[in-house]
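Colleague: can't give you the sequence, but here's the structure:
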């Protein structure tokens, strides 16, 4: 018979052959730790998305605003993070962070920032 060790505390497991933890405490602690790592990643991404949203809000006070890509970059905007895409009837692609979006103009040097008005 092969000796099995607890996934959390590494002590020898006694009892059923299919046991993976020595106690309920170790099982809970192991699973809580596993979930907390996933939640940490989600929190980090959510922080980036909310940061992007704040930047778009601050730059777009009138509903539609043109800004340079470098202006967004200097403000700390992460272009690879957005909540959804919207393709307009004319083929323009908008990248949204919640209810604020943007699309590239002039070969990606200038950007149009918009507030969602029933696009989706």
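Modeller: Perfect, I can see it now. The structure displayed is predicted, hence computed values, not measured ones.
Colleague: who touches stretch 45-64?
Modeller: With contacts defined as C-beta atoms under 8 Å, 6 or more residues apart in numbering, stretch 45-64 is touched by 65, 67, 71-72, 75-78, 81-83, 97-98, 100-102, 112-115, 117. From N, CA and C alone the C-beta is placed, and that goes for glycine too.
Colleague: Could you tell me which of these are located in helices?
Modeller: If you go by DSSP state H, the contacts of stretch 45-64 have 71, 72 in helices.
Colleague: Which of the contacts of stretch 45-64 are buried? Put it as a PyMOL command.
Modeller: Buried residues among the contacts of stretch 45-64 (16 or more other C-beta atoms under 10 Å), as a PyMOL selection:
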select buried, resi 67+72+77+82+97+100+101+102+112+113+114+115
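Colleague: per-residue pLDDT, residue 109?
Modeller: The model reports residue 109 with a pLDDT of 85.
Colleague: Against residue 70, how distant is it?
Modeller: 8 Å (C-beta to C-beta, to the nearest Å).
Colleague: Next, find the distance separating the closest residue to residue 65 other than its chain neighbours from residue 4.
Modeller: For residue 65, ignoring the flanking residues on the chain, the nearest one in space by C-beta to C-beta, 6 or more residues apart in numbering is residue 113 at 4.8 Å. According to C-beta to C-beta, residue 113 and residue 4 sit 57 Å apart.
Colleague: gap between the helix ranked longest in the chain and the chain center?
Modeller: Longest helix of the chain, by residue count under DSSP H: helix 24-59. Chain-centre distance of helix 24-59: 8 Å, with C-alpha atoms, centre = their mean, to the nearest Å.
Colleague: now that helix: mean pLDDT?
Modeller: Average pLDDT, helix 24-59: 92.
Colleague: Quick test: name the residue nearest the centre of the chain.
Modeller: residue 45 (3.2 Å; C-alpha atoms, centre = their mean).
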